[in-house]
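Undergrad: got a predicted model here, sequence first, then my questions.
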Amino acid sequence: MKIDFDNVTKVFANGTKAVDGLTLSVNEGETLVLLGTSGSGKTTSMKMVNRLIEPTSGRIAIDGTDIMEQDPISLRRGIGYAIQHIGLFPHMTVAENIAVVPGLLGWEETAIRSRVDELLNLVGLGPTLFRDRYPNQLSGGQRQRVGVARALAADPPIVLMDEPFGALDPITREQLQQEFLELESEIRKTIIFVTHDVFEAVKMGDRVAILDKGRLQQAAPPAELVESPGNEFVDSFLGQHRFQLSLLTRPIDSLVEQDGNYPRPAPEEARPVLRRRDSLVKALDMFKQTGRRELPVCRRREIVGILSKKRLLAEITRVLGELEATA
Amino acid sequence: MNVVRQFFDKLGPDMIRYTVDHLYLTFLAIVIAVAIAVPLGIYLARTRWVRLPPLVLGIAGVMQTVPSLALIAFIVLFFAIAGLSTIGFLPGLLALVLYALLPIMRNTYTGIRQVDPSVKEVAAGMGMQPRQVLVKVELPLALPVIMAGIRISTVWTIGIATLCGLIGAGGLGELIFRGLRSLPRTADYLVAGTIPAALLALAADALLGALERWLTPPGLRGEVSRAE
């Protein structure tokens, strides 16, 4: 489903203009990240989609239908919602938490139970072990996984996520981000993802929309945002992280060596594998993990070429030089 | 042994009768107080009129501050002016209900208000109606606090109900006042009234405390171990 913001403004009762003339589209199946500091209007923008906050002016439409013309309760039941930290109901078990929206929708008991188990498996929590636990018996990472499972419970076409990995230590966070990316590529939802973390934005988003003081600064795919910031604010916002961001957003595509031997079928044990769209950082990590000098690059079940560590390092040095030249 | 036996032969039936009276009076007062205070507390916690909760809780607080004997006297006066019977069950019951209201109302109010706003927002965001947010989220999370209010009210009411003996409302107070009338000759009446009253208060505290823990959702109990 497609979400369109058309000149949306929100002025709160105390006179604060939280969102100012936002025009933005979220395409079907896309993950759009709203990125900004606190007070940028990113969370307000997201909460207007399920009408937890209602716009002062402008129009928000889902697949062309104005959300203000829909019943807020049924609108919300059709949109997955995950927030950071305390989002789980502490008095309900893991299974009861996940079952909330299916329950509100009046699903049958057996259908709910099998859906809960399916989702727990999907987020990597064994149902028999975790179904009957309470949130305070879970680690932070496990809680966030349940939060994600709950948001997906009724299989909504749209999911809103407000810093879903916000309250986690860096290692767990990284792991959950990675898992979510893999999950996301399977489920293909239209996702609005709010974060203040530049790296998370670049990693999770198909496109990233940077907001400041309620105004949209630039909305673009991560690579474009990093390579050609649209204005001074975006430039300075990404500024000090430019090098790391470039490594995160540039694909290894152009570095892959191909010759007559490729493509050829990948042997079963060829894991982990790189893909053409993977970033320089991911490739670097993989060289570190495997200790190898060359890695195969795959597309589906075929090896399409080889990436050498030497070329990768040369490219990273080149990016660094390029940035120093522009600085 | 003989003394004990004599004591029970003389006062045993009275003790049982007045204890039952006492329990009945207390129980009825608490049931009525819960029926009034819990809905009122819920309403206060959810009203948009921000001045109302401090006003209502303030009035209830004043009622609580008036010494219980004075409140009973005042109610008797009120009944006299209204041309109603000034002795017996009704004025006593009214005093007890007024006294029991505040802890229950205040705890219902704070119990609901202390529910994390982000938990309520996520409930609304998932598509719960306001009623469903109340019943499925706010009340279960507030239940331990509400129960604590009921426990405090009950223990107080058992104590104050002894004063209702003054106006012939029944209960163990009647034995106590009879005992006080011509001490030391009537010391046995005093004992027959005070000991059961004290035991009742202790037992109510323990029982309702156990009920409170039992009604606390397992996910909120402190002793649940945190497993990684």
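TA: Perfect, I can see it now.
Undergrad: lowest confidence element among the helices and strands of chain B?
TA: helix B:172-181 (a mean of 82; mean pLDDT, DSSP states H and E).
Undergrad: list the buried residues of that one.
TA: B:Leu172, B:Gly173, B:Glu174, B:Leu175, B:Ile176, B:Phe177, B:Arg178, B:Gly179 (16 or more other CB atoms under 10 Å in any protein chain shown). C-beta coordinates here come from the backbone N, C-alpha and C atoms, glycine included.
Undergrad: next one: stretch A:128-136
TA: For stretch A:128-136, a neighbour-count test (16+ other CB under 10 Å) marks A:Phe130, A:Arg131, A:Arg133, A:Tyr134, A:Pro135, A:Asn136 as buried.
Undergrad: can you list which of those residues are found in strands?
TA: Using DSSP state E, no member of the buried residues of stretch A:128-136 falls in strands.
Undergrad: those: which ones sit near chain B?
TA: Among those, the residues that sit close to chain B (CB under 8 Å from any CB of the partner chain) are A:Arg133, A:Tyr134, A:Pro135, A:Asn136.
Undergrad: would you reformat these as TSV and include pLDDT?
TA: Output for these, formatted as TSV (pLDDT from 0 to 100):
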residue	pLDDT
A:Arg133	93
A:Tyr134	92
A:Pro135	91
A:Asn136	89
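Undergrad: distance to A:Gln70 for these - can I get that in TSV?
TA: What follows is these, written out as TSV (distance: CB to CB, whole Å):
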residue	distance to A:Gln70
A:Arg133	36
A:Tyr134	34
A:Pro135	31
A:Asn136	36
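Undergrad: which ones are touching the residue lying closest to B:Leu44 once chain neighbours are set aside?
TA: Sequence neighbours aside, B:Pro53 is the residue nearest to B:Leu44 in space, at 4.4 Å (criterion: CB to CB, 6 or more residues apart in numbering or on different chains). Neighbouring residues of B:Pro53 by CB atoms under 8 Å, 6 or more residues apart in numbering or on different chains: B:Leu44, B:Ala45, B:Thr47, B:Tyr109.
Undergrad: now the buried members of those.
TA: Using 16+ other CB under 10 Å, the buried ones in these are B:Leu44, B:Ala45, B:Tyr109.
Undergrad: give me the neighbour count for residue 190.
TA: Using chain A. Neighbour count for A:Thr190, taken as other CB atoms under 10 Å in any protein chain shown: 22.
Undergrad: please refer instead to chain B.
TA: 18.
Undergrad: pull up the gap between it and chain A, please.
TA: Distance of B:Leu190 to chain A, computed by CB to the nearest CB, to the nearest Å: 47 Å.
Undergrad: surely that residue is in contact with B:Ile176?
TA: Yes. Under the criterion of CB atoms under 8 Å, B:Leu190 makes contact with B:Ile176 at 6.1 Å.
Undergrad: how about A:Phe89, nearest residue that isn't a chain neighbour?
TA: In space, A:Phe89 is closest to A:Asn97, 5.6 Å off (CB to CB, 6+ apart).
Undergrad: number of nearby residues for the one you found?
TA: When neighbours are counted by other CB under 10 Å, A:Asn97 comes out with 23.
Undergrad: cool, the one 5 residues further on as well?
TA: As a burial measure, the neighbour count of A:Pro102 was computed by other CB under 10 Å and equals 21.
Undergrad: then A:Gln177?
TA: So A:Gln177, with other CB under 10 Å, has 18 neighbours.
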